[in-house]
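# got a predicted model here, sequence first, then my questions.
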Amino acid sequence: MLSFALANSWPIKQLDVNNAFLYGDLLEDVYMSQPKGYEQGDGTLVCKLTKALYSLKQSPWAWYVKLLGAFKRLGFTPTKSKTSFFTRIISQSRLYALVYFDDIILTGDSGPAINQVIQQLNLNFALKDLGDLHYFLGVQVVKTADGGLSLLQTKYIQDILKKAGLEGCKPCSTPLPSTLKLTATWGVPFDNPSLYRSVVGSLQYLTMTRPKISYPVNRVCQFMQSPSEDHWKVVKRILRYLSGTLHHGLHLKKGRHLPILAYCDSDWGSDPDDRKSTSGTCVFLGRNSVSWSSKKQTIVACSSSEAEYRSMVVAVADVV
């Protein structure tokens, strides 16, 4: 979405909905105990809810239905591939909205139309108009001199380093040694597996703006159930690399031509535990990388030539 907006020199606006879950209408019968200070009767009475509250299982869906209705009244429709991505194409006018819970990004070819949508949404919900996109879901968005955008997670990396106790650690130039082979039986058990899972889980979100660490993070994720001291050393190696590249991120460049190019590759049975292969994919929209992954492939019983063919199909399917 950002690459498309940059290519067309469209404005990109950011909104925030206050107390989003409280707008949802409940379709089921839900009861709750009387809140303290508002009790009536002998204490056996309960409250029947007509609106959603935070911590209810129904709240996310109730909020989405409410928001969906508001967007549909404004002429937007959700896409089939991503129900939180809304489009409105009327005559020559195009508007797009991307929603994550209570955060909304709006862009399109008409600034007045975007402002009108914001005003209409503000009639239904209490909105904060945050202006041009600058900080979204922990990602800092910075305009560059060439008219593009840089997506950074500097503060997020600092928080991970603090969690792991590696603030001010000595940086290294690469996230993993090129000859390293990780195995499930490597080393003695790590004495704090919860910390391992927490840090590695945080690194997964970081791959959103740091494609280079997709493979190392994929590897250390495979030992969540029983991490060892040696696995933790690899995680610290990734963190040391991030410590030296705090201000690196994803650079989205401005360009009119937007061909879709996809690249894929895989090794051949590199995992020493199960002999499975790892495939890597990267998809470009114009000059900007918009999708990437590093995944362990599945193995099926078949001939060697058929196995090679199927591994290629799996890699291509990841791209599609």
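Noted; the coordinates are in hand.
# check contacts around the residue lying closest to residue 230 once chain neighbours are set aside.
Using Cβ to Cβ, 6 or more residues apart in numbering and skipping the chain neighbours, the partner closest in space to residue 230 is residue 187 (3.3 Å). The C-beta positions use only the backbone N, C-alpha and C, and glycine is treated the same way. Listed by Cβ atoms under 8 Å, 6 or more residues apart in numbering, the contact partners of residue 187 are 228-231.
# which two in those are spaced the farthest apart?
229 and 231 (7.4 Å; Cβ to Cβ).
# look up phi and psi at the closest residue to residue 248 other than its chain neighbours.
In this structure, residue 248 finds its nearest non-sequential neighbour in residue 210, 7.0 Å apart by Cβ to Cβ, 6+ apart. When quoted as degrees, to the nearest 10, the phi and psi of residue 210 stand at phi -130, psi 80.
# and what of residue 13?
Per degrees, to the nearest 10, the backbone of residue 13 is at phi -110, psi 150.
# in this structure it contacts residue 129, no?
Yes: the criterion here is Cβ atoms under 8 Å, and residue 13 meets it with residue 129 at 7.4 Å.
# ok, the residue nearest to residue 248 - how many residues close by?
21 (other Cβ atoms under 10 Å).
# and what of residue 165?
Neighbour number of residue 165 under other Cβ under 10 Å is 10.
# re the thing from before, so which of the contacts of residue 187 sit within helices?
Under the assignment DSSP state H, the contacts of residue 187 contribute 229-231 to helices.
# of the residues you listed, closest to residue 104?
Relative to residue 104, and with distances defined as Cβ to Cβ, the nearest of these is residue 231, at 39.2 Å.
# residues contacting the nearest residue to that closest one once chain neighbours are set aside?
Distances taken as Cβ to Cβ, 6+ apart put residue 223 closest to residue 231, at 4.8 Å, once the chain neighbours are dropped. With contacts defined as Cβ under 8 Å, 6+ apart, residue 223 is in contact with 182, 184, 231.
# in contact with residue 153, which residues?
Neighbours of residue 153 in contact, by Cβ under 8 Å, 6+ apart: 138-140, 206, 208-210, 249.
# quick one, helices of the stretch 151-300 of the chain?
Using DSSP state H, counting those that start in this stretch, the helices found in the stretch 151-300 of the chain span residues 154-164, 193-206, 214-220, 229-244.
# can you lay out those helices as JSON lines showing mean pLDDT?
Listed next are the helices of the stretch 151-300 of the chain as JSON lines, based on pLDDT from 0 to 100:
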{"stretch": "helix 154-164", "mean pLDDT": "95"}
{"stretch": "helix 193-206", "mean pLDDT": "95"}
{"stretch": "helix 214-220", "mean pLDDT": "93"}
{"stretch": "helix 229-244", "mean pLDDT": "95"}
